[in-house]
Each structure stands twice: as structure tokens, then as C-alpha cells.
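*Asks:* can you look at this prediction? I've put the sequence above it.
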Amino acid sequence: MSAPSRERRVRGLTGVYAPPTPTREVTARSGDGVELPVEIHGEERDPAVVLVHGWTCSTLFWAPVIRELTASGHRVIAYDQRGHGRSPVGDTAAYSTALLADDLCAVLDAALEPGERAVIGGHSMGGMTLMAAAGRRELTEHAAGLLLCSTGSHRLAPEARVLPLGLRKLRALAHRALLHASLPLGPVTPVTRRALAYGTLGHRPSPATVEATARIVHACPARVRGAWGGVLARLDLAAKLPRLDVPTAVITGRRDRLTPYPHSQEMAAALPHCTEVRELPTAGHMTPLERPDVVSEVLAGLVRTTLRPGSAAPGARADTTADSPAPSAGSAPADTSGGGPRRKSGGKSGAAGRSRTGGGSARTRGAARSGNGKAGEGADGRASEGPEAKAGDGASPAASESGKARAPGDTSGTASESTGGTTGEGTREKSA
């Protein structure tokens, strides 16, 4: 079924953050009848990667990752979570993690052939969606590998560090109120840019990353933000993690204030087949916007190890190190998402057995150098003076940035995220 045409009304997204044109679209009908628009980018013959965005975001959030993956021979499937982007709001009183799982399962059945397997990546609430779907027939049938990116399974309010309050109980109460808040954000202003950069981005984000974050988050309806925030405030999916029994990678930003670093360690310890925990020392919560090169590399690595013929069995771990250069300043990778012939709307994608696979590593020991060795670079490769940076600010010298892949449970050479202390490389950075 063809997806209804709905114009996206988000301005100010340029360069690598400009939305790529999908090759085709389909509609997924969830269990309660709500129809969700699903975008498919890339060639039918390529292996499938399904992307699930987080709270207050949309498919626009994945633009730089979609560009990188389609350019390296992957078919990318992305959809707007209920109430976000072009998806209908529905009944906000019914919002729950079970509903997130219902919607994901409908998307998998609509966009993939019966029995076709894909790598599925979820960021923030998208990762929680994967947890909520653990054990569901659709996830079991279609998931070859998973990525849990900047997410957590429980205790979000007590563990968050957006509001720097000393007493744990007071901090938990304040963060619950923040999650439930449904006041309109109003227009994008220098003040809201700074606030969102502080709460969601890491050390010295580029002005382009700050702008994209503000534009995407401001586009989320206030009542949707508050309704899903209420679900997150009472989230408890820890018991679901052991049921995600396919190879699963974890990405975490050490400057993440919404789902701080300890969440990644807890998830890695509970997952049956955790392939790696990739740490980004200067990144915050919006890792796919801050380091799309690393996120794409990890997803491509899962494709390579799970979808190619004769791939390693679940739980097998390869000890390799891969470098992944960040996109160059001011340039966007070639948009290949709309390059193929437009297919019939009812068509399905090809079997994964015919897939072309991309690069990446299933696991790395020690420090896996990613990017070009510069810290604080966004998708446009520029560094700015911190969350207060405004578009047009000059780039600043950057310190060392790496994507570190650790064995699950390995905390050596790390420091508390809440203090912004010493990174795994031994360099000290001031808290953003």
C-alpha cells in the first residue's frame, strides 16, 4: 500500500542534515488501525537496515546516517514513530511501550518480505522500542542484529544529568517533571538552541549540529512530547534485555545527560550476545547527528557479520579495529537514496541472501580510532565553542576524539559521565 503524501514542514535543515528523497514509500497499519508512513532508501538488492528514531525526533533525524548507508550499499527503512513527523498522533492516553512495539512490528511486516532479515537500529526511545518488542514474532523473524544507541532500559529520571541537582530524589522529581512537560517550545531562538545543545549534545558541537537538533526537536508537537515523556518517566524494560537474543551492539556518548554512560554498561551485561560497547568520549545524546560516521560504521559491521552468507553465529566476536573518517566540512555525501528507479508502491524488497555488505567491525579491543582524530566534530566536520555556539561561529581547535569499543562490562580507563572527567584516552575535558 502506498503511503499518503504528507509534506514535512521543517525548515533550516541543510547539507548532510537535509532530508534525502526516499526511493519509495509504503504504509504500515498498526494493530489499532493507525497508519504509519515508511520510507525506503536505496536499492532493492541491498541488505536492509531499519532505523527507529527517538523521543521528539523523526525520520529527519537519520538523514546523515541514511546518506552514509545508502552510499555504501545498504537499503535503509525508516519511519516516524507515532505522533512524530508525518505519523498520526492517535490517542495519547494509549501511549505505552507496548504500542511502540506494535508500531515497529507493523513496519517490519510492511517493509520486509516474509522471513527477510535486517539489522535494526534504535536511538533513545527507538532503542526502547526494540526492547519492548523483544520476543514478538515480527522481531524474531526479521532481526538479524540490533543496535541500541544512546538509550536505557529503566531509571531514566533518577539517572539523568540534565538538571545538575545533588540530591538523587530531588533530581529524579525534577527530571520526571521535565519529561512530562508539554509547554510549547515556540520558535527556534538562540536561547532554545543553547538549552537543547546543553541537554542533548556533547562537547563543542558544530553550529550545524546545534541547528539541526533544534529544528527537529521543535517540530515535535508539545502534547506528543509530554505524552511520550510520561511513558519514558515510568519506563522499566530491564527484564526484556535478555530476550534480545541476536548480536547486539551498543553505542554511548560519554557526555550524554539524558541516558548517561552507566546505562550502556547495564545493557551490555544483560544482553545475551553483546558484540561491542562503542564509546564516543565527546558525544552527547544525539549520537547519530553528532557522529553519523561511527553509527553507520557499527550498523554496517552488523550487516557484514550477520547478513552475509556464512556469517558468524550469534555471539561470535571478531577482534578487529576499523577507522571511519568523519564527513568533510561543509559537504554532504552524494545523495544516492533517490537514484534508483521508482518501484511500484506495493513491491517488497529483495531477500537478504542477495545482499551487498558494507564495512565496519563487529568488535574492537582497546581504542578504535574513528573520524580523523579531531574531537567535537559534527556531521559537517566542524568544531564550535560549545553548546553556546551559534551558526556562523568560527571553528575552534579540537582535541582527540575516538570511538572506543569495549568488551561488555569493561570500565577500565573510564570516568564518571556526570563529572565530565577523564576519558578513556587519558585527556581531561571540561563539561559541556
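*Replies:* Cool, the structure landed.
*Asks:* can you give me the helices in the stretch 201-350 of the chain?
*Replies:* With helices called from DSSP state H, counting those that start in this stretch, the stretch 201-350 of the chain shows them at 207-218, 222-233, 262-270, 287-290, 292-306.
*Asks:* from the contact counts, what lies against the second one?
*Replies:* The one in question is helix 222-233. The elements that helix 222-233 packs onto, with contact taken as 3 or more CB pairs under 8 Å, 6 or more residues apart in numbering; DSSP states H and E, are helix 125-132, helix 156-159, helix 168-180. C-beta coordinates here come from the backbone N, C-alpha and C atoms, glycine included.
*Asks:* can you name the element that comes right after the first one?
*Replies:* I take that to be helix 125-132. Once helix 125-132 ends, the next helix or strand along the chain (criterion: DSSP states H and E) is helix 137-142.
*Asks:* tell me the helix or strand right after that following helix.
*Replies:* Following helix 137-142 in sequence, per DSSP H and E, is strand 143-149.
*Asks:* winner for burial among the helices of the stretch 201-350 of the chain?
*Replies:* Comparing those by mean neighbour count (mean count of other CB atoms under 10 Å), helix 287-290 comes out on top with a mean of 30.
*Asks:* quick one: mean pLDDT for that helix?
*Replies:* Average pLDDT, helix 287-290: 98.
*Asks:* related to what we said a few turns ago, can you say which of the helices and strands packed on helix 222-233 is nearest to V210?
*Replies:* Nearest to V210 among those is helix 168-180; the distance by CB to CB comes to 19.7 Å.
*Asks:* in that closest one, which residues are buried?
*Replies:* Within helix 168-180, the residues that qualify as buried are 171-172, 174-176, 178-179, counting by 16 or more other CB atoms under 10 Å.
*Asks:* and the angle for the helix or strand following it with helix 168-180?
*Replies:* Counting by DSSP H and E, the next helix or strand C-terminal to helix 168-180 is helix 190-200. Put simply, helix 190-200 runs at 130 degrees to helix 168-180, going by axes from the mean of the first three to the mean of the last three CA atoms, to 10 degrees.
*Asks:* how about helix 190-200: buried residues?
*Replies:* 193-194, 196-200.
*Asks:* re the thing from before, Serialize the helices and strands packed on helix 222-233 to CSV and add fields for mean pLDDT and distance to E44.
*Replies:* Listed next are these as CSV, based on pLDDT from 0 to 100; distance: least, CB to CB, whole Å:
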stretch, mean pLDDT, distance to E44
helix 125-132, 98, 24
helix 156-159, 84, 38
helix 168-180, 77, 40
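*Asks:* can I get those helices in CSV including distance to L100?
*Replies:* Formatted as CSV, those follow (distance: least, CB to CB, whole Å):
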stretch, distance to L100
helix 125-132, 4
helix 156-159, 15
helix 168-180, 15
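*Asks:* among those, which is nearest R304?
*Replies:* Closest approach to R304 among the helices and strands packed on helix 222-233 is made by helix 125-132 (20.0 Å; CB to CB).
*Asks:* who's in contact with the closest one?
*Replies:* With CB atoms under 8 Å, 6 or more residues apart in numbering as the contact definition, helix 125-132 has outside contacts at 51-55, 81, 97-98, 100-101, 103-104, 120, 122, 139, 146-153, 228, 232, 235, 237, 240-241, 244.
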